[in-house]
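>>> coordinates only, no sequence provided:
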């Protein structure tokens, strides 16, 4: 339980802390579908803050799965069964992710998915679900640009396009994590980096 103890004792920013001073972690999972018990096939994350995104911090893990994969999901993320079987065990990735998360606020596009996966995988690995603090770039965009027509208007690629951010390959965990980090910094330019964390977080 060492990883959990370190997570609990990490220095966490208060809800009153300005986002400009907050340690952040952009995170994305590629999953075999959207069911509650779907399994993780890939995880990508990068530590950053309001000053920038140092790519030296990037991490990406292919996660082993020996289940039969959902054909529709494979079409989206491109991770077939042979590739999935050659990945790292989930138990290898989870402690590394917990260490990366310690003291940091998760930034993700559709962050409820990342939060649910973290809670589920840490409950399986440690016997208890890890509490996670998140900022959702999708929810922020719905506040910044309300009433756009169609759900596609708030997808990561469409939202980045409105901020004139470059196109990246989609459905790769690390690329999507970096894309979410860049999007958040662009949104922050409109919101103001002096905004308190509590005004942006989802608990």
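Alright, I've got the coordinates. As the structure is a computational prediction, the values presented were derived from the model and not from experiment. Residues are numbered from 1 along each chain as shown.
>>> low-confidence stretches in this structure?
Applying pLDDT under 70 to the chain picks out residues 1-2, 33-37, 64-87, 203.
>>> what helix or strand is the residue most central in space within it on?
Centroid-nearest residue in the chain, with CA atoms, centre = their mean: residue 27, separated by 2.4 Å. For residue 27, the element it lies in under DSSP states H and E is strand 24-31.
>>> what is the following helix or strand past that strand packed up against?
Following strand 24-31 in sequence order, the next helix or strand is strand 40-48 (DSSP H and E). If contacts are counted by 3 or more CB pairs under 8 Å, 6 or more residues apart in numbering; DSSP states H and E, strand 40-48 sits against strand 24-31, strand 59-62, helix 90-101, helix 173-191. Heads up, the C-betas are built off the backbone N, CA and C, glycines and all.
>>> can you pull the contacts of the closest residue to residue 126 other than its chain neighbours?
The shortest distance from residue 126 to any non-neighbouring residue, by CB to CB, 6 or more residues apart in numbering, is to residue 4 (5.6 Å). Taking CB atoms under 8 Å, 6 or more residues apart in numbering as the criterion, residue 4 is in contact with 98, 126, 128, 130.
>>> what's the neighbour count on the closest residue to the last one other than its chain neighbours?
Looking back up the chat, that one is residue 130. Spatial nearest neighbour of residue 130, excluding adjacent residues (CB to CB, 6+ apart): residue 122 at 3.9 Å. Close neighbours of residue 122, defined as other CB atoms under 10 Å, add up to 23.
>>> just give me how far the helix or strand hosting residue 122 sits from the chain centre.
Taking DSSP H and E as the criterion, residue 122 maps to helix 111-126. Relative to its chain's centre, helix 111-126 lies at 11 Å (CA atoms, centre = their mean, to the nearest Å).
>>> done for today, thanks.
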